[in-house]
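In: Give me coordinates for this.
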Amino acid sequence: MSETQVKTTHPKGLWVLFGTEMWERFNFYGMRTLLVLFLVNSLMMKEENASLIYGGFLGLCYLTPMLGGFIADRFFGNRNCILLGGLMMAIGQMFLFTSASLFSSNLSFATTIMYCGLGIIVFGNGFFKPNISSMVGSLYPKQEKSKLDTAFTIFYMGINIGAFLGQSICPLLGDVKDTGGIRDIHAFKWGFLAASVAMIIGTVVFYILKNKYVVSPEGRPLGGLPSKNSASDFEEGEAQKAKFSQLSLIIAGIVFLALGVVVHFVFEQNLIYTLIYSSGLTLAGLIISDSSLTKIERDRIIVIYIVSFFIIFFWAAFEQAGSSLTFIADNQTDRSFFGWQMPASMVQIFNGLFVVVLALPFSLLWDKLRAKDKEPISPAKLAVGLLLITVSFFMIANQVKDLGNSGLLAVKWLILLYLLNTCAELCLSPIGLSLVGKLSPKRFSSLLYGVFFLSNASGYALAGTLGSIMPATGDKFIKAKELGIDLQGVLDKKIIPTDEQLKLLETNQISNHNPIFAGFEIHNLFEFFMVFVILTGLAALILFALTPFLKKMMHGIR
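Out: Next comes the predicted model:
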């Protein structure tokens, strides 16, 4: 099937949503390339704290789709929430631009503005994200739902064209170094400004084209006010409204508070991470308690929950791109790329580039296998994605094993990691979005996308926690040596540093101890990456084993 054929067999509304999401991903991923470097270099935060902020921010970005999905399904409708979310994200990026403009004159105020900007982006993303994904599924008539894996893969290509552009342009504008390798810490603002402009373009594109092209198979505009939904939007015999009893709502509130106490005090998570984990579990329980659900609907929703759990481990590994892998690219990687010294923040560009190149071949692969009745069911594709990311982190773990304290990782290994991660992503993320579209009852469509994105939120929160346990990279050992301190001896507890040496290490953002995870001390980068190999490898094997069980619970949907 050629690209032209693909275009003719999919509704034009897919390409409008494709373009809207493309500009939104430019905005989001462009900002993501710069965020931790801005926090460390301009706002003077420790790498550990920057990783936690990064993970918490991404986690909240995928927690608020629960709220945005609920508001869309009950009150505003998809299209109004998309417009509101787009405007909020553009404003949030302008706050980051302001923070990056003021930090040198008022660091405290700039930090406050930064948090405000991230907060606005969090809620904007919550309105935008679940509703545009939900509308993709609504473009297709019931008899063509089998096309959704291909449709979401094409949609995902739009996401990553935007990611590629954002990861190219924002670092070129915002992550600037002179010929001596000294970073211009005042340049970050231009990257944030570019991200804001991109979001404005995406919002305007959707506003102009939504009524003409984003329509149902019968030609009615999609995503309007819920009160104007027609009975034809629902399956025959399907309930049109959720039915939550007052008792179930009270129980959900009590469960949320109880889970919050356990997560915060027993598992010692901060308040943001506590909110993410507790909300996800509570919402999942609330939806399944709806008295209008049939057995088939309930079984299919449980499948969504099960695969969402395993997806957590994928994103925990994948989202190291914006934290630990960025720090490694900045501090212990030879970034010479055909004679050009690539900015550390731009190494992430290869993920977006590979998705743009590979998305269409993957969609054609699913079409070809489907035509031969050999297409694996969605949970099997997700398990393959987990297995591929396991392989990628095992590869990078072995490449850093012999670097020592000063050796540099060749940038080609990070590029290869992003290639494998991209193949994993194409087996998992668009397929997961498609699966939710196929399994969700219409009345829960946007809300269940919110639940699905909560698995992303939990994965990102876990990514922040894991990113914060990254041990010292080569630059830390070099800096400590310049200060007259044997950092390896300090970390191995063979040398007890003096109070003056401890103060010097603290001032230069160098930890005097190895990080701990699950009771195990992480001594080097090899051990750090093996944590991800174990987590994703086990998740892949268990999901493969559960596939026959999940197939039965999907009741004929592949």
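In: When you work out contacts or count neighbours from here on, use the C-alpha atoms and nothing else.
Out: Noted.
In: which one is Ile82 nearest to, not counting chain neighbours?
Out: Sequence neighbours aside, Phe128 is the residue nearest to Ile82 in space, at 4.4 Å (criterion: C-alpha to C-alpha, 6 or more residues apart in numbering).
In: okay, now the one you found: neighbour count?
Out: 29 (other C-alpha atoms under 10 Å).
In: Kindly report the same for Lys401.
Out: Using other C-alpha under 10 Å: Lys401 sits among 13 other residues.
In: Look at the closest residue to it other than its chain neighbours and report its pLDDT.
Out: Leaving aside its chain neighbours, Lys401 sits nearest to Phe526 (5.1 Å; criterion: C-alpha to C-alpha, 6+ apart). The model reports Phe526 with a pLDDT of 95.
In: residue contacts, Phe526?
Out: Neighbouring residues of Phe526 by C-alpha atoms under 8 Å, 6 or more residues apart in numbering: 397-398, 400-401.
In: show me the contacts for Thr282.
Out: By C-alpha under 8 Å, 6+ apart, the neighbours of Thr282 are 252-253, 255-256.
In: Buried residues of the helix or strand that contains it, list them for me.
Out: In this assignment (DSSP states H and E), Thr282 forms part of helix 271-288. Neighbour-count burial for helix 271-288 flags 272-288 (criterion: 16 or more other C-alpha atoms under 10 Å).
In: Repeat that for stretch 304-323.
Out: In stretch 304-323, counting by 16+ other C-alpha under 10 Å, buried: 304-305, 307-323.
In: Among the contacts of Thr282, which ones are in helices?
Out: Using DSSP state H, 252-253, 255-256 are the members of the contacts of Thr282 that sit in helices.
In: Take those residues and write them to JSON lines, including neighbour count and distance to Leu541.
Out: Below are the ones in helices among the contacts of Thr282 laid out as JSON lines (neighbours: other C-alpha atoms under 10 Å; distance: C-alpha to C-alpha, whole Å):
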{"residue": "Ala252", "neighbour count": "21", "distance to Leu541": "32"}
{"residue": "Gly253", "neighbour count": "15", "distance to Leu541": "35"}
{"residue": "Val255", "neighbour count": "19", "distance to Leu541": "31"}
{"residue": "Phe256", "neighbour count": "19", "distance to Leu541": "31"}
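In: and the next element down the chain from the worst-scoring helix or strand of the chain on mean pLDDT?
Out: Least confident helix or strand, the chain: helix 3-8 with a mean of 41, by mean pLDDT, DSSP states H and E. Once the chain leaves helix 3-8, the next helix or strand it forms, by DSSP H and E, is helix 12-41.
In: helices or strands up against the following helix or strand past that following helix?
Out: Per DSSP H and E, the first helix or strand lying C-terminal to helix 12-41 is helix 47-61. Here helix 47-61 touches helix 12-41, helix 107-138, helix 271-288, helix 445-467, going by 3 or more C-alpha pairs under 8 Å, 6 or more residues apart in numbering; DSSP states H and E.
In: Looking at the ones you listed, which is nearest to Phe70?
Out: helix 445-467 (5.4 Å; C-alpha to C-alpha).
In: which helices and strands does that closest one pack with?
Out: helix 47-61, helix 64-71, helix 107-138, helix 271-288, helix 295-318, helix 411-439.
In: tell me how far it is from the chain's mean position?
Out: 8 Å (C-alpha atoms, centre = their mean, to the nearest Å).
In: could you give the angle of it to helix 47-61?
Out: 170 degrees (axes from the mean of the first three to the mean of the last three C-alpha atoms, to 10 degrees).
In: still on that earlier bit, centre of the chain versus the helix holding Thr282, how much separation?
Out: That offset, for helix 271-288, works out to 18 Å (C-alpha atoms, centre = their mean).
In: Roughly how far does Tyr337 sit from Asn351?
Out: You called it Tyr, but residue 337 is Phe. Distance, Phe337 to Asn351, using C-alpha to C-alpha, to the nearest Å: 16 Å.
In: can you check Tyr115 too?
Out: 27 Å.
In: ok, these two, which is more surrounded?
Out: When Tyr115 and Asn351 are compared for neighbours, Asn351 comes out ahead with 24 against 17, by other C-alpha under 10 Å.
In: Now for that one: which residues touch it?
Out: 164, 418-419, 421-422.
In: at 7 Å what do you get?
Out: 418-419, 422 (C-alpha atoms under 7 Å, 6 or more residues apart in numbering).
In: Let's have those in JSON lines, adding neighbour count, pLDDT and distance to Ile495.
Out: Shown next, in JSON lines, are the contacts of Asn351 (neighbours: other C-alpha atoms under 10 Å; pLDDT from 0 to 100; distance: C-alpha to C-alpha, whole Å):
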{"residue": "Tyr418", "neighbour count": "26", "pLDDT": "95", "distance to Ile495": "39"}
{"residue": "Leu419", "neighbour count": "21", "pLDDT": "96", "distance to Ile495": "42"}
{"residue": "Thr422", "neighbour count": "25", "pLDDT": "92", "distance to Ile495": "43"}
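In: As JSON lines, the residues you listed with distance to Lys479 would be great.
Out: As requested, the contacts of Asn351 are exported to JSON lines (distance: C-alpha to C-alpha, whole Å):
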{"residue": "Tyr418", "distance to Lys479": "29"}
{"residue": "Leu419", "distance to Lys479": "32"}
{"residue": "Thr422", "distance to Lys479": "35"}
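In: Can you tell me which of the residues you listed lies closest to Leu43?
Out: Tyr418 (28.5 Å).
In: now the closest residue to the closest one other than its chain neighbours: how far from Ile169?
Out: Using C-alpha to C-alpha, 6+ apart and skipping the chain neighbours, the partner closest in space to Tyr418 is Asn351 (5.3 Å). Counting by C-alpha to C-alpha, the gap from Asn351 to Ile169 is 15 Å.
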